[in-house]
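[1] What follows is a predicted structure for the sequence shown.
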Amino acid sequence: MTMAVAGGQDPASGAVTDLVLAPWLQDYGAQQPWGPRMTTLRLRILFDGTMLGPGKAELLGHIADTGSIAAAGRQMGMSYKRAWMLVEEMNAAFQVPLVASVRGGPGGGGAQLTDAGRETLRLYHSIVETAQTAAAPQIAALKAMLRPVPGDIPEGR
């Protein structure tokens, strides 16, 4: 699962403290300028000719949850055309399609992840989680080097 990292470093031991790994799909709004600030690692995997990153992973997750490309796109604030284009791009890039869709009609259409789509999403989240865990001490060290943001309340107060 894609994760967001927040935490500090114990000055005495150098150990990472208060490390919070939260699913970014749930907390994405909290990471925006209008919500609480959170340190985040966003990982994009660049293959020869295509890429897989947090946006496509989020789209796949919403398709799995809603059973609809249109609804998944709406949840992300994108048009159906854009969501469909991304699905077509992913389906063309992989050996087997990641999303299977049924055309609309009187009974309505729908979409679902194929086994390959579910496995791709699982692998992506696993890679990101591994990277988050591995990078947590360095992220905490970088965060400690930043200037305070106006309006932030120092920890412990």
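    Yep, it's here.
[2] how many neighbours does Ala116 have?
    Ala116 sits with 17 neighbouring residues when counted by other Cβ atoms under 10 Å. Every residue, glycine included, has its C-beta placed from N, CA and C.
[3] Hmm, Ala93 and it touching each other?
    No. With contact defined as Cβ atoms under 8 Å, Ala116 does not reach Ala93; the gap is 11.3 Å.
[4] Just give me the residue right at the centre of the protein.
    Nearest to the geometric centre of the chain sits Pro54, at 3.9 Å (Cα atoms, centre = their mean).
[5] distance between the lengthiest helix in the chain and the chain's centre?
    Under DSSP state H, the helix in the chain containing the largest number of residues is helix 115-145. Helix 115-145 sits 10 Å away from the centroid of its parent chain (Cα atoms, centre = their mean, to the nearest Å).
[6] List the buried residues in it.
    Within helix 115-145, the residues that qualify as buried are 116-117, 120-121, 124-125, 128-129, 132, 136, 139-140, counting by 16 or more other Cβ atoms under 10 Å.
[7] Reformat those as a markdown table; add pLDDT and distance to Thr39.
    As requested, the buried residues of helix 115-145 are exported to a markdown table (pLDDT from 0 to 100; distance: Cβ to Cβ, whole Å):
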| residue | pLDDT | distance to Thr39 |
| --- | --- | --- |
| Ala116 | 98 | 32 |
| Gly117 | 97 | 30 |
| Thr120 | 97 | 26 |
| Leu121 | 97 | 24 |
| Tyr124 | 97 | 20 |
| His125 | 96 | 19 |
| Val128 | 95 | 14 |
| Glu129 | 95 | 15 |
| Gln132 | 94 | 10 |
| Ala136 | 94 | 10 |
| Ile139 | 93 | 6 |
| Ala140 | 92 | 8 |
